[in-house]
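**Student:** Got a predicted structure plus its sequence, pasted below:
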Amino acid sequence: MSMLSRRIFIQDGFKVVSLGLAMPHVFTRAVQAAGMEAGRDASVLNSPDQQSNDPFAKRTLIVVQMAGGNDGLNTVVPYNDSVYLQNRKNVGIPEDQVLKLDDRFGLHPAMGGMKGLWDDGKLAIVHGVGYPQPSFSHFRAMDIWQTANPEGKANEGWLAKLVKGAVDRRGHPFAGFAAGGTLPPALMSPDYPIPAVNSVDSYKLLPDPRFAADAAARQNALVKLYQGYPGGAPFAQVLQSTEEGALSSIDQLQKAHAGYKPAVEYPKDGFGAGLKLLAETITGNLGVKVGYVTIGGFDTHSNEKNQHQRLLQSLSDGLKAFWDDLTAQGKADDVMIMSWSEFGRRVAENGSNGTDHGTAGPQFIIGNGLKGGHWGEPVNLNNLDKGNLTFTTDFRSVYATVMDGWLGAPAEKLLGARFNSLGFLGSGSAM
């Protein structure tokens, strides 16, 4: 099954269930859930009913995808590197414009919000992140990052593996939560559906628009249809679990939305709206272990300066607002944010005042429980491979650090191999 068909299959599976029907993978999940005891795979993440003494129990990971291939050199700028300046005569960021972090690196001038997080010690920058034999295809590279498998042999997202162990025996609907209308492959699993929610208003049993006043009657009829199925008949537990899970998840999200009062003003764009929705799920205590939001448009082949500035402004302002909101709501200690992009850009600018597909780039980690600063080995602009940066940090080391150190999940088991942990969550010193 292709990644596209899997995406449609899983997304539509959850949507159809909310209307009272069922897709095969949902039946598989419900049969498993109905017959399981309370302890699912405790070696992954503990279920909500096992969490009372678990130091990792309340923690949430928010994953931010910078889709399109972010230009890392113009994001975390090596502003006094002569090779950078020689190769970026038109698109490069001058030294007098960067937001200096130290005598070597500075952030893009649009990233004032994230510079504030850096100054407060809440931002870690991991340098040179990539993997061997990199792909320059958007789709292939995204699949590699989202399955944590450079060989392309995985059929399940790495985050889906993570949250499958975080459900109780009835299935927790929001262990994984994607803010947006499309479920990212990182959260896809053949037998475990995760909701992709574009807005609270659309996450409900939708009435016939011609007869909106009949919405309650339609829902009651649906419930009676499920409840009228004989309890001892085949798939009775499946139908009961599906109906109860769908209605429960709708009720939970609607209540969280009604009780949420943002402490800050979010940017008026899609990324800001997605972050605000994630904040609602966190402050509403919906049990989200992994939240996901995407900001797209980073494929800057031409006229990069204006487009990249707009995107980084949205990213930085949105994340700062989200963090300030969580802090005011008393939830920031329980949340960590991790960014990623499928690849960086080439060192040299092209003839269209842009940059083409490259390799390694930086990752951002934001949180109260980390050691801020630079992590990993910075890329060497004098050691290029056909004009591209040579990666210095395997992206799976970042994943392993977050899995083990933040979520208390067995990284080696989930990733299928052991990867060195970085020090931003434990022992070790920043560079």
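**Tutor:** It's in. Here the structure is a predicted model, which is why all the values come from computation and not from measurement.

**Student:** Can you report how many residues neighbour the closest residue in space to P132 that isn't next to it in sequence?
**Tutor:** Nearest non-adjacent residue to P132, counting by C-beta to C-beta, 6 or more residues apart in numbering: P150, 6.5 Å away. Where you see a C-beta, it was placed from the backbone N, CA and C, and this is true even at glycine. P150 has 21 neighbours, counted by other C-beta atoms under 10 Å.

**Student:** same thing with K261?
**Tutor:** 9.

**Student:** For G367, report the pLDDT, please.
**Tutor:** Model confidence at G367, given as pLDDT, is 98.

**Student:** and it, what does it touch?
**Tutor:** K122, A332, V335, M336, I337, W406 (C-beta atoms under 8 Å, 6 or more residues apart in numbering).

**Student:** and what of D102?
**Tutor:** Taking C-beta under 8 Å, 6+ apart as the test, what D102 contacts is H374.

**Student:** Can you pull up the most central residue in this structure?
**Tutor:** V63 (2.4 Å; C-alpha atoms, centre = their mean).

**Student:** could you measure that one against L414, distance?
**Tutor:** To L414, V63 is 15 Å away according to C-beta to C-beta, to the nearest Å.

**Student:** Where does the prediction get shaky in the protein?
**Tutor:** 1-53, 165-172, 191, 205-209, 211-212, 214-216, 218-247, 427-429, 431 (pLDDT under 70).

**Student:** which residue packs closest to L85, ignoring adjacent ones?
**Tutor:** G92 (6.0 Å).

**Student:** Number of residues surrounding that neighbour?
**Tutor:** Around G92 there are 18 residues (other C-beta under 10 Å).

**Student:** hang on, isn't it packed against V83?
**Tutor:** No - counting by C-beta atoms under 8 Å, G92 does not reach V83; the two are 10.8 Å apart.

**Student:** I365 should be in a strand, yeah?
**Tutor:** Yes - according to DSSP: H, G, I helix; E, B strand; the rest coil, I365 belongs to a strand.

**Student:** That one contacts I337, doesn't it?
**Tutor:** Yes - between I365 and I337 a contact is recorded at 7.0 Å, counting by C-beta under 8 Å.

**Student:** Pull the number of nearby residues for I125.
**Tutor:** 27.

**Student:** Checking my notes, it in a helix, right?
**Tutor:** No - read with three-state DSSP, I125 is strand and lies in no helix.

**Student:** So it versus G373, what's the distance?
**Tutor:** Relative to G373, and taking C-beta to C-beta, I125 is found at 8 Å.

**Student:** now do W406
**Tutor:** Taken as C-beta to C-beta, the span from W406 to G373 is 17 Å.

**Student:** More neighbours: which of those two?
**Tutor:** Neighbours per residue, other C-beta under 10 Å: of W406 and G373, the larger number sits with W406, 21 against 17.

**Student:** Now do the strands in this protein.
**Tutor:** For the chain, strands defined by DSSP state E occupy the ranges 60-67, 76-77, 99-100, 106-107, 123-130, 176-179, 196-197, 290-296, 335-340, 361-367, 373-375, 384-385, 388-389, 393-394.

**Student:** gap between R88 and D356?
**Tutor:** 13 Å.

**Student:** repeat for I365
**Tutor:** Applying C-beta to C-beta to I365 and D356 gives a distance of 27 Å.

**Student:** Show me which of those two is the more surrounded one.
**Tutor:** Under the neighbour definition other C-beta under 10 Å, I365 and D356 were set side by side, and I365 has more, 24 against 17.

**Student:** give me every residue that touches the residue nearest to that one when sequence neighbours are not counted.
**Tutor:** In this structure, I365 finds its nearest non-sequential neighbour in A124, 4.2 Å apart by C-beta to C-beta, 6+ apart. By C-beta under 8 Å, 6+ apart, the residues touching A124 are F364, I365, I366, L370, K371, G372, G373, H374, W375, F424, A430.
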